[in-house]
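> I would like to see how this sequence folds:
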Amino acid sequence: MFGGLANIGGTTCALNTLVQIIAHSNHLFNALCESFKYNKECEEKTLVWNITYISEALRNSFSVTPGGLVRLLYELFPNDFHPGEQMDIYELWTLMATKISEEVPMQQEEIINHPANITREVSTKVSESISKINNGTSSVWLTTIQSIQLGILKCLNTQCGATPYNVEVYTSFEVDIPFVNDTHTAYDLDKLLLKNHMMETMDMWKCDKCNHVGGMKQSQLYTVPRVLVVVLKRFQMTSSGNFSKINTPINISKNINITLNDVSTNYNLIGIANHYGVYGGGHYTAHVLETNTWVCFDDANSSIINTTTHNIFSNNRDAYMLFYETI
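Sure thing, here's the model as predicted:
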């Protein structure tokens, strides 16, 4: 079994949870290792070095006190993380994923598998946009975590029909969770994911071509990543301006299939980041798939999960982030 991670000052459980999931993801771990090979002389002042080193130790059943990594995070992100305050795991993933992509040497040309039914105009704009975002090259880390989407607007003026669009890059998929008082009614993750790509009415949008007010918006997948990160938006702003946690139960799919332009991609669930408590406080744990067995890592402690008696996939009120990887 993998080793555990000590909770430093009682505030690093989010970091421990995220690192455990990265270490258990073959795609993420291999991307770090391959990146690390091109950085043999790097010092301990890089996230790539720290996370690769810790992940390797965990995979060899050693327990770790991640003091160096914690100090580095405070140094790299002084406006986001402060000693004595709990980290938000979603914010942590976003900042770390971006910083790692900056540290990793770009070792290959940007190659995009454009859908066959896309016009040359669209594919050219996508290539130009991604080249600008990734400085014209790519890396194994970026190809592992990045997905491309098109944000498409359609003018509702039948005489116009303009369809402007923009290119967007994501390292995670946010999913809105319905707020219900009945915590016994569970929502299926598959159906919530589909809502992300449904047409949405934009009543206040104004067409640049004909000045008509009103349009339809839709996000369309253009490419999919090797590791699919799903964020369940469990925190919402109340009418008083404060945030509260949404405890609506979710039925989590262990397998997800995404068919894009007649190409089917299958994903297996390999990690769940759980949050217990309220907004701004609480505790994080990791449920991870380890050699066909689900294991709970609670900082330095670990235990095998009997999914027959403790179904972590149905009516889950605590799952905050889900990690899937291609089969």
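> mind listing what L76 touches?
L76 makes contact with 47, 95, 99 under the criterion Cβ atoms under 8 Å, 6 or more residues apart in numbering. For the C-beta atoms, the positions are set from N, CA and C on the backbone; glycine is no exception.
> Buried among these? Make that a ChimeraX selection.
ChimeraX command restricting the contacts of L76 to the buried ones, with burial defined by 16 or more other Cβ atoms under 10 Å:
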select :47,95,99
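> okay, the contacts of L76 in CSV with distance to G215 next?
As requested, these are arranged in CSV below (distance: Cβ to Cβ, whole Å):
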residue, distance to G215
L47, 41
L95, 33
K99, 36
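> ok, the nearest residue to I22 once chain neighbours are set aside - contacts?
Nearest residue to I22, sequence neighbours excluded (Cβ to Cβ, 6 or more residues apart in numbering): L28, at 4.8 Å. Neighbour list for L28: 21-22, 144-145, 227, 325 [criterion: Cβ under 8 Å, 6+ apart].
> quick one: which of the contacts of L76 sit in helices?
Within the contacts of L76, residues falling in helices by DSSP state H are 47, 95, 99.
> Distance check, the last one against H287.
So the one you mean is K99. From K99 across to H287, the span is 26 Å (Cβ to Cβ, to the nearest Å).
> One more: T158?
From T158 to H287 the distance is 51 Å (Cβ to Cβ).
> thinking again about what came up before, got the contacts of L76 as JSON lines, with distance to P115 and pLDDT columns?
Shown next, in JSON lines, are those (distance: Cβ to Cβ, whole Å; pLDDT from 0 to 100):
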{"residue": "L47", "distance to P115": "33", "pLDDT": "93"}
{"residue": "L95", "distance to P115": "31", "pLDDT": "96"}
{"residue": "K99", "distance to P115": "31", "pLDDT": "93"}
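> Which member of the contacts of L76 is positioned nearest G10?
Lowest distance from G10 to these (Cβ to Cβ) belongs to L95, with 21.3 Å.
> Show me the two of the contacts of L28 that sit farthest apart.
Farthest apart among the contacts of L28 by Cβ to Cβ are I21 and T144. That separation is 13.7 Å.
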